[in-house]
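Q: using only what follows, build the 3D model:
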Amino acid sequence: MLESVGSLAAGPWIYAVVALSVLLDVFLPVLPSGVLVITAATAAAAGSGAAAGQVPHEVPDILALILSAATASVLGDLVAYRLAWRGGERLDRAIARSRRLTTAQERLGEALARGGGALVVLARFAPAGRSIVSFCAGAAHRRARDFLPWSALAGLSWAGYSVALGYYGAQWLGATWLSTGVSLAALFGAGAAAGFLVRRRPAS
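A: Sure, this is the predicted structure:
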């Protein structure tokens, strides 16, 4: 059922489309970047023979998909971080008016000050969490060397997880819309769990 999608995903342009979607969804969280990554991974699995239970011979395609998504994720975080850094008093006032953003900024600052960035990784999976964390880190003038390594880990974790869902979903269930739907449900489930954990983390 995904043969046509698989043939389209075989072109090198699919990596640029994935990268652009992931890059921009830090500003527009409604963009279906996760859906696109999973669909491309499912199509890549179909093209490699993984959906038929064969040993894949086109692993570089999967690796390129992961690297494209992860790199775009970090670049998007960095752009949002730098824009918020330069946002000045207007952005500070906007954050101060939002209890959610203020709490996120406080928790992020505490996490980075302790040398831990689990919150950054968790937020990457939560709906709009990536945007909140990136903008809050920049607005609070957190050091780039404290934020970006965790952003890189978050982007790689999210990209690897999303691609694995699409790839192994196709291997186990076949390259069908059912496998894509199950993979998407698993991605959204992880996002819901991450959002719950972020909200449950104590502020102190």
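
Q: residues in contact with the residue lying closest to residue 173 once chain neighbours are set aside?
A: Leaving aside its sequence neighbours, residue 173 sits nearest to residue 179 (CB to CB, 6 or more residues apart in numbering; 3.7 Å). Every C-beta, even on glycine, is put in place using the N, C-alpha and C of the backbone. With contact taken as CB atoms under 8 Å, 6 or more residues apart in numbering, residue 179 is in contact with 42, 169-170, 172-173.

Q: measure residue 179 to residue 153 for me?
A: 28 Å (CB to CB, to the nearest Å).

Q: what about residue 157, neighbour count?
A: When neighbours are defined as other CB atoms under 10 Å, residue 157 has 16 of them.

Q: my error: substitute residue 191 in the last question.
A: Neighbour number of residue 191 under other CB under 10 Å is 18.

Q: check residue 86 too.
A: Counted with other CB under 10 Å, residue 86 comes out at 10.

Q: tell me the first helix or strand C-terminal of the longest helix along the chain.
A: In the chain, ranked by residue count with DSSP state H as the criterion, the top helix is helix 144-173. With elements assigned by DSSP states H and E, the helix or strand that comes after helix 144-173 is helix 177-200.

Q: angle of that following helix against helix 144-173?
A: Counting by axes from the mean of the first three to the mean of the last three CA atoms, to 10 degrees, helix 177-200 lies at 150 degrees to helix 144-173.
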